[in-house]
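# sequence plus the predicted model coming up.
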Amino acid sequence: MALYGHILGGNRPDQRTVERPNVSRHVYAGIARRAWIVLAAMLCAGLPASAQTIEYAGDSAIAAYELEGAWPNPEMPLAIEAVRPAPVFNEDRIMGVMPDYQTVRDTTHRVTPLTARQKWILAAKETTDPFNFGTAFLTAAESQRGNETPKYGEGWANYGRRVYAAQLDFATQNFLSAGVLASIFHQDPRYYRRGPQSKFFARICYSVSQLLVGHQDSGRRAFNVSNVGGIAMGIGVSNLYYPSASRTGTVMAGRLGTSMMGSAVGNLMSEFWPDIEQKFFHKK
């Protein structure tokens, strides 16, 4: 600013002051001329920088135009999608309706064991599946017809008690088996399918044997305490809400046998249903 003020003022050390009639007019004219000179000089000095800025802006525009084709467009799907992990539980349904969450169909390679949290999730998925609610209504209707176990008696009110008891039976046995005992004893509550690489009768024997022989989280075989213990403990808990006529030892033993038979049938269906699908419905 001092330099610009010196130029505009026009005061030089060797310049002598000469008194003239219109000195102020000449001084203002000289200041105006020098102001235009300084402004022109500043503009000329700024031209290279402006040109360089324009050049950089042009390069940026060209680069943006060239990258437009390579940059992903949010309105278009990505060519490469993220690989989704395989589901933990089997989501296929037997005959299209029966849940088969607990079955490991492909056992040709090592299967990752379930965490304790996943075991509880498996128990919850099986318990809350709509098919199992429908089964509770059918089971209650069957026991209602002949006033069978649990012997609540006749009438719609007692039919409602039977529905409640049937669903509670399943939930109790399921959570005790797949949730509590499987976590405590580090067992896998799932059914490991043998597959068509084995012979037919060998697969039948294997399916039934899985009621007593289970898999540890480590992969080794062991007594299936989570399955047997969960069913037995669930039957014991049902004595809290069953009528006195259905709390005898004979009734409890019969219920244990019925539950084990039902588990065996479930294993057989999990074992052979994929073969039926492939043969008759051409599903791979």
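Here it is on my side, so go on. Residues are numbered from 1 along each chain as shown.
# and the pLDDT for residue 148?
Among the per-residue scores, residue 148 holds a pLDDT of 89.
# need the helices for the stretch 101-250 of the chain, in chain order.
With DSSP state H, counting those that start in this stretch applied, the stretch 101-250 of the chain shows helices at 116-128, 130-145, 156-174, 182-184, 200-209, 225-238, 249-280, listed in chain order.
# report the angle between the second one and helix 156-174.
Which is helix 130-145. If you take axes from the mean of the first three to the mean of the last three CA atoms, to 10 degrees, helix 130-145 sits at 130 degrees to helix 156-174.
# by how many degrees do helix 130-145 and helix 116-128 diverge?
Between helix 130-145 and helix 116-128, the angle comes out at 50 degrees (the same axes, to 10 degrees).
# ends of stretch 182-200, how far apart?
Length of stretch 182-200, first residue to last, CA to CA, to the nearest Å: 29 Å.
# repeat that for stretch 185-205.
For stretch 185-205, the first-to-last residue distance is 25 Å (CA to CA).
# ok, which of the helices of the stretch 101-250 of the chain comes nearest residue 194?
Among the helices of the stretch 101-250 of the chain, helix 200-209 comes nearest to residue 194, with 4.8 Å by CB to CB. All C-beta atoms are positioned from the backbone trio N, CA, C, and that covers glycine.
# quick one: mean pLDDT over the closest one.
Here the average pLDDT along helix 200-209 is 97.
# how about stretch 160-179?
For stretch 160-179, mean pLDDT is 96.
# contacts for that stretch, please.
Residues outside stretch 160-179 that contact it (CB atoms under 8 Å, 6 or more residues apart in numbering): 102, 119-120, 122-123, 126-127, 132-133, 135-137, 139-140, 143-144, 150, 152, 189, 226-227, 229-231, 233-235, 237-238, 241-242, 259.
# are any of those buried, and which?
Among the contacts of stretch 160-179, those scoring as buried are 102, 119-120, 122-123, 126-127, 132, 136, 139-140, 143-144, 150, 152, 189, 226-227, 229-231, 233-235, 238, 242, 259 (criterion: 16 or more other CB atoms under 10 Å).
# wait, what's in contact with the closest residue to residue 107 other than its chain neighbours?
Counting by CB to CB, 6 or more residues apart in numbering, residue 192 is the residue found nearest to residue 107 once chain neighbours are left out, at 5.1 Å. Contacts for residue 192 (CB under 8 Å, 6+ apart) come out as 104, 107, 111, 210, 215.
# ok, 7 Å please
By CB atoms under 7 Å, 6 or more residues apart in numbering, the residues touching residue 192 are 104, 107, 215.
# roughly how far does it sit from residue 123?
Residue 192 is 18 Å from residue 123, where distance means CB to CB, to the nearest Å.
# what's the answer for residue 162, then?
Between residue 162 and residue 123 the computed distance is 23 Å (CB to CB).
# just the contacts of residue 192: which has the poorest pLDDT?
Least confident entry in the contacts of residue 192, by pLDDT: residue 107, with 84.
# that one is in contact with residue 195, isn't it?
Yes - assessed by CB atoms under 7 Å, residue 107 is found in contact with residue 195 at 6.5 Å.
# point out where this protein drops to low pLDDT.
Applying pLDDT under 70 to the chain picks out residues 1-86, 284.
# okay, domains of this protein per the record?
Domain assignment for the chain, taken from automatic domain parsing, gives 2-67, 93-280.
# please tabulate those in CSV, including the columns distance to residue 87.
Output for the domains of the chain, formatted as CSV (distance: least, CB to CB, whole Å):
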stretch, distance to residue 87
domain 2-67, 38
domain 93-280, 10
